[in-house]
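Asker: just coords:
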Ligand code: C2E
Ligand code: MG
Ligand code: MG
């Protein structure tokens, strides 16, 4: 198991992402700058691997948006997301990045199976009438099927969703999409929310994962969340896996899928395809865990 995970980690980690310290100071963008950046496709999808912790196999990727700014370099979502949202441009961003991500990943296979794609969606996008149908049309046009797509909604915003968002989520689920509650543990989800929203996946925030190896109480919290998810029949994904010890603990606690810098950094489309190509043989022939 350790060998498999380490082989996988090496394959997916070759290209480091921008370090936090290398990011330029946060600045304000004009609406015209943001609109023009969307139109010229400067916003691009990066892909971070999601790995089955039992088999060490790639199960899918999460799309994380980056801004390839012509002068400022590669910018992280913290540099632009809120401003896009504030300017009412988040739906355009979603369409632009989703179309690129779908065309990048459509047809990609791992172990003979179609790859799955996780997308972060703002509630603003889901607020629109026919939001679910619109997303389903984009997916169908790419040749992928809705079941390959997971819509991630962060816990803090999930708590504040309107009836319109709730309805879109139900509709998305009816259309076959998977729905994930992202950053679980950072907000204040009530048990009612977990039981009333049509979630299929619970994604544990990295603040709960990091350090749990050395903190028995934190490990107990993790264990309880994983057990709760199991009882609610939600798939468990842990984010922020940065060490092999994290994997050992999460596997022991029964967490199904992992994501984090140890397993793979968010990477460009090109790097993703190269890694997929390079990884196919060693991963496919690697022995499953245990
Ligand atoms: P998220 O969906 O929770 O994504 C995980 C974030 O944690 C990403 O940050 C990822 O780069 C980072 N991460 C992954 N593994 C590790 C690790 O092992 N250690 C640490 N310290 N961090 C790790 P990123 O790319 O900066 O994205 C931040 C947030 O921005 C995302 O959090 C998501 O909520 C949002 N976001 C990203 N792309 C989009 C998008 O296209 N649309 C919307 N609405 N939100 C997006
Ligand atoms: Mg996410
Ligand atoms: Mg998250």
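Answerer: Happy to help now that I have it. In this text, all values refer to a predicted model and were calculated from it rather than measured experimentally. Ligands and ions are numbered 1, 2, ... in the order given.
Asker: which bits of the stretch 151-290 of the chain sit near ligand 3?
Answerer: Within the stretch 151-290 of the chain, the positions lying close to ligand 3 (C-beta under 5 Å from the ion) are 182, 183, 239. C-beta here means a position set from N, CA and C on the backbone, and glycine is covered the same way.
Asker: Mind checking which of those are in strands?
Answerer: Using DSSP state E, the members of those that fall within strands are 182, 183.
Asker: Of the residues of the stretch 151-290 of the chain next to ligand 3, which are in range of ligand 2?
Answerer: Here is what survives when those are matched to ligand 2 using C-beta under 5 Å from the ion: residue 182.
Asker: Now tabulate the residues of the stretch 151-290 of the chain next to ligand 3 in TSV and tack on pLDDT and distance to residue 160.
Answerer: Formatted as TSV, these follow (pLDDT from 0 to 100; distance: C-beta to C-beta, whole Å):
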residue	pLDDT	distance to residue 160
182	93	14
183	92	14
239	97	21
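Asker: Okay, helices next: where are they in the stretch 151-290 of the chain?
Answerer: 155-159, 163-174, 191-196, 206-209, 216-231, 244-252, 269-285 (DSSP state H, counting those that start in this stretch).
Asker: Switch those helices over to CSV; also include distance to ligand 2, mean neighbour count and mean pLDDT.
Answerer: CSV is the format used below for the helices of the stretch 151-290 of the chain (distance: least, C-beta to the ion, whole Å; neighbours: other C-beta atoms under 10 Å; pLDDT from 0 to 100):
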stretch, distance to ligand 2, mean neighbour count, mean pLDDT
helix 155-159, 11, 18, 73
helix 163-174, 15, 18, 94
helix 191-196, 17, 12, 81
helix 206-209, 11, 20, 95
helix 216-231, 16, 15, 96
helix 244-252, 17, 19, 96
helix 269-285, 17, 15, 68
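Asker: among the ones you listed, which is nearest residue 134?
Answerer: helix 163-174 (9.7 Å; C-beta to C-beta).
Asker: Spell out which residues of the stretch 101-250 of the chain are next to ligand 1.
Answerer: Within the stretch 101-250 of the chain, the positions lying close to ligand 1 (C-beta under 6 Å from any ligand atom) are 120, 121, 122, 152, 154, 182, 183, 206, 239, 240, 241, 242.
Asker: can you tell me which strand in the protein is longest?
Answerer: Selection of the longest strand in the chain by residue count, based on DSSP E, yields strand 58-69.
Asker: circling back: type out the ChimeraX command that picks the buried ones from the residues of the stretch 101-250 of the chain next to ligand 1.
Answerer: Written as a ChimeraX command, the selection of buried residues from those, which uses 16 or more other C-beta atoms under 10 Å, is:
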select :120,121,122,152,154,182,183,206,239,240,241
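Asker: Which members of the residues of the stretch 101-250 of the chain next to ligand 1 define the maximum pairwise distance?
Answerer: 122 and 242 (26.9 Å).
Asker: Might you list the low-confidence residue ranges for the stretch 1-150 of the chain?
Answerer: Counting by pLDDT under 70, the ranges of the stretch 1-150 of the chain that qualify are 1-25.
Asker: now do 90
Answerer: For the stretch 1-150 of the chain, the stretches flagged by pLDDT under 90 are 1-27, 106-114, 127-129.
Asker: Leaving out the residues flanking it, which one is nearest to residue 102?
Answerer: On the basis of C-beta to C-beta, 6 or more residues apart in numbering, the spatially nearest residue to residue 102 that is not a chain neighbour turns out to be residue 142, at 3.6 Å.
Asker: got the contact list for that neighbour?
Answerer: 99, 102, 103, 106 (C-beta atoms under 8 Å, 6 or more residues apart in numbering).
Asker: Show me the one in those that has more neighbours than the rest.
Answerer: When these are compared by neighbour count (other C-beta atoms under 10 Å), residue 102 ends up highest, at 22 neighbours.
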